Structure formats: structure tokens, C-alpha cells
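*Asks:* what's the 3D shape of this:
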Amino acid sequence: MSLDADWRADVDAVDAALIDEYQSGFPVEERPFERVADEIAAETGADVDADEILRRVRDLHERGVFRRFGAVLNPPVIGSSTLAAVRAPEDRFDEVAEVINGYRQVNHNYRRDHEWNQWFVVTAGSRERRDEILGEIEERTGCEVLALPMLTDYYIDLEFPVVNADRFARESLDETDVSATRISEDARGDLSALDADLLLAIQDGFPLSATPYADVAAEIGAPVDDVLAAVERLLADGCIKRVGCIVNHVVTGFTNNCMVVWDVPDDELDERGEAVGSLPYVTLCYHRPRRPDQDWPYNMFTMIHGREAEAVDAKIDELAADHLPFAHERLYSTETLKQTGARYEDLVADGD
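*Replies:* This is a model prediction of the structure:
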């Protein structure tokens, strides 16, 4: 689904501020919409209060502009996560997808235009359970699994302005901030009981109410001040990437994306990864292992999102010519087979 091409014509300055400026940094306080109303009123000159801002967020959510309101969680930090792929025979493609998608620990699955044609993400409570799921998928589908856990995160953030005519993500920005963050496959997030209860309560979003944190606190039976402190702590620890209005980029017109895999010399990975991750049009950049025994020589992954396929292709050409002069392949996403948030029930229980 995508909104009408001129959907931006119905967006006023207040909606534009909510959509483009509050994808992150939403106040972590008992009545957050009051501060947002004050900030937007000061910026736009509009006469808006907290009730009006809340009404607008609800409306944008109902229209599909916002996927949800709340926190973006970070699966590789909270649990043990991996990207994986299979080569599904075309005559069994749907059957294989049904098996893979049947696992609640699988939160994304895409058909990509490549020999490895199904790409999915598994996030489990432990590395052992993660690998057990991959083994089950191999056994049940008869398809060899290519497992590619993230080793270094250079830049991963789908936060970018959409109330514009940009042909590709962040066309209107100059650069982004990056840092090389090592990811442990054995990460468990070191969660307290409160942290675990909180993550389960907010994994699908916050309540769209004037007091979302207090509502979550009531749901899990904790004081609201403890919940506010836990959200701040989880943000600082990286378990929560950001809090805000999560935009549905496909609905707002960014329907084209391409995952490009690169064979980068190992001793240049960090230098190249940080340089490429800082490019505004690169929405994802990370290091995953080579698998030479499976004829997979690639160790760096980038993604570019755009409204126009031609614009995405042009930026990949630029990336290859100016920044990554190495062998690479372009894996275009051609069908969404499953797309949900990562599920965290087994991250906080016994890992079953």
C-alpha cells in the first residue's frame, strides 16, 4: 500500500514537524505531548496544545503515515540476532516461506532477486536457540541456510525526512554521524526484571494517550518514575535505538530499496564502513562474515532507500565509483514475505 502521490499536499506545518522531526527524541516524561506542543507552537507559530498534537498523531497513524508510536528496539543488543538466507526452489518457494514465517522469532522475510532468494532475520533469546531455529529451518525445508550475523554496526537508522520530494532517503541532508559498534552474538542485554517487562509491553508501541509512560507503568505494575528511568537507561545502553513516531516509509513513497553486498579487504573494513555510513543516502551499513564454504565472499552490506528505482541505482553507481571500488552484487527486494517487529517473549523467559 502507498498513499496517493500528492499526500504531502494535505500536510500542514504542524503535521510536517511531527512526521519529520519527531521520529526520534520524543520526550521521556509523564506528559510528553505537552512539551511537543510547546516546541511545535514555538517553531511554526501554530496555536496547538497537547490534545491537538495527540489527535494529529492518532490521525497520522490511522492514515498509515506512522507505523506506530513508541520505541525502536535493537534486537542484536537485546538478544542474539542474525540475517539468514536460503535458496528456495521456485516450485516450493511459498512452502519454504510458510515454514520460515511460522517462527515468531522471524520478524522480516523478503524475496530478493538473487540465487539466495529468501532473506530473513531471526532474533532469539540466546545464540543457542537462534542456531537451533536455523537448524530446524534447514531440516524442515531441505534448504541450506546462509547465516550472516552482524559483527559491526557502522550505521543503521531508518530515520529520515519524508515530507519532501527527495528521490532517495536523506537527499536533502549533508551527512550523518557514524561510529563502529561491535555486536556480540552472545548478547543478552543484561536485562532486569523491570527492563524485561517494559520491553514486552512496548514492543508493539506505546499507547496513544496523553500519558503513555504512565499507562505502560500501570500495565506492568511499576511506578511511572521507574519506567521513565528504565526507558532512559535502555536508550543509553542501546537496547532502545530511539523513541518517537515511526514512519512507514513504503506508504510515504519510499518503495524502492536495494541491499548491496561488497567484498571489502578486511583491513579496510572500519575505515570504509565509517566513511560509507556517513553518507546521507546510505540508510544501513554493517559488517557480516564471509562464508567461503558457501561461496559467499561478501563482508560489507549497505542499503539505500528511495522513491525512484533509477535514483537508487544512480546512488549505488556513485557508491561503487567513489567509495567502494570492489566486487559487489545488488540484491533487489521484490516481495515482502513477512514484516513485523522482532518478538521479545523468549528473550526474557527461558529462551524457548
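*Asks:* Which stretches in the stretch 1-150 of the chain count as strands?
*Replies:* Using DSSP state E, counting those that start in this stretch, the strands assigned to the stretch 1-150 of the chain run over residues 66-73, 80-86, 106-112, 118-124, 145-148.
*Asks:* just checking, what packs against the first one?
*Replies:* Which is strand 66-73. helix 50-63, helix 193-202, strand 240-247 (3 or more C-beta pairs under 8 Å, 6 or more residues apart in numbering; DSSP states H and E). C-beta coordinates here come from the backbone N, C-alpha and C atoms, glycine included.
*Asks:* try the second one
*Replies:* The contact analysis (3+ C-beta pairs under 8 Å, 6+ apart) places strand 80-86 against strand 118-124, helix 127-141, strand 145-148.
*Asks:* now swap in the last one and tell me
*Replies:* Strand 145-148 sits against strand 80-86, helix 127-141, with contacts defined as 3+ C-beta pairs under 8 Å, 6+ apart.
*Asks:* deepest of those, which one?
*Replies:* Of all the helices and strands packed on strand 145-148, strand 80-86 carries the top mean neighbour count, a mean of 23, counting by mean count of other C-beta atoms under 10 Å.
*Asks:* Can you tell me what sits against that one?
*Replies:* Residues outside strand 80-86 that contact it (C-beta atoms under 8 Å, 6 or more residues apart in numbering): 75, 96, 100, 112, 116-127, 129-130, 134, 137, 141, 143-150, 185-188, 288, 342.
*Asks:* thinking again about what came up before, would you mind saying which of the helices and strands packed on strand 66-73 lies nearest Val227?
*Replies:* Of all those, helix 193-202 sits nearest to Val227, with 6.3 Å by C-beta to C-beta.
*Asks:* Buried residues, the closest one. List them.
*Replies:* Buried residues in helix 193-202, defined by neighbour count with 16 or more other C-beta atoms under 10 Å: Leu194, Asp195, Ala196, Asp197, Leu198, Leu199, Leu200, Ala201, Ile202.
*Asks:* Which stretches in the stretch 151-300 of the chain count as helices?
*Replies:* Ranges of helices within the stretch 151-300 of the chain are 193-202, 212-220, 224-237, 269-277, based on DSSP state H, counting those that start in this stretch.
*Asks:* Of those helices, which is nearest Asp91?
*Replies:* Asp91 sits nearest to helix 269-277 of all these, at 38.4 Å, using C-beta to C-beta.
*Asks:* Run through the neighbouring helices and strands of that closest one.
*Replies:* Packing contacts for helix 269-277, counted by 3+ C-beta pairs under 8 Å, 6+ apart, involve strand 152-156, strand 284-287, strand 300-306.
*Asks:* CA-only coordinates of that helix in PDB, if you can.
*Replies:* These are the backbone C-alpha positions of helix 269-277, laid out as PDB (Å, rounded to 0.1, in the frame of the first residue of the first chain):
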ATOM      1  CA  LEU A 269      36.600  -2.500   6.700                       C
ATOM      2  CA  ASP A 270      36.300   0.000   9.500                       C
ATOM      3  CA  GLU A 271      37.700   2.900   7.500                       C
ATOM      4  CA  ARG A 272      35.400   2.100   4.600                       C
ATOM      5  CA  GLY A 273      32.400   1.300   6.800                       C
ATOM      6  CA  GLU A 274      32.600   4.600   8.700                       C
ATOM      7  CA  ALA A 275      33.100   6.600   5.500                       C
ATOM      8  CA  VAL A 276      30.200   5.000   3.700                       C
ATOM      9  CA  GLY A 277      27.900   5.000   6.800                       C
END
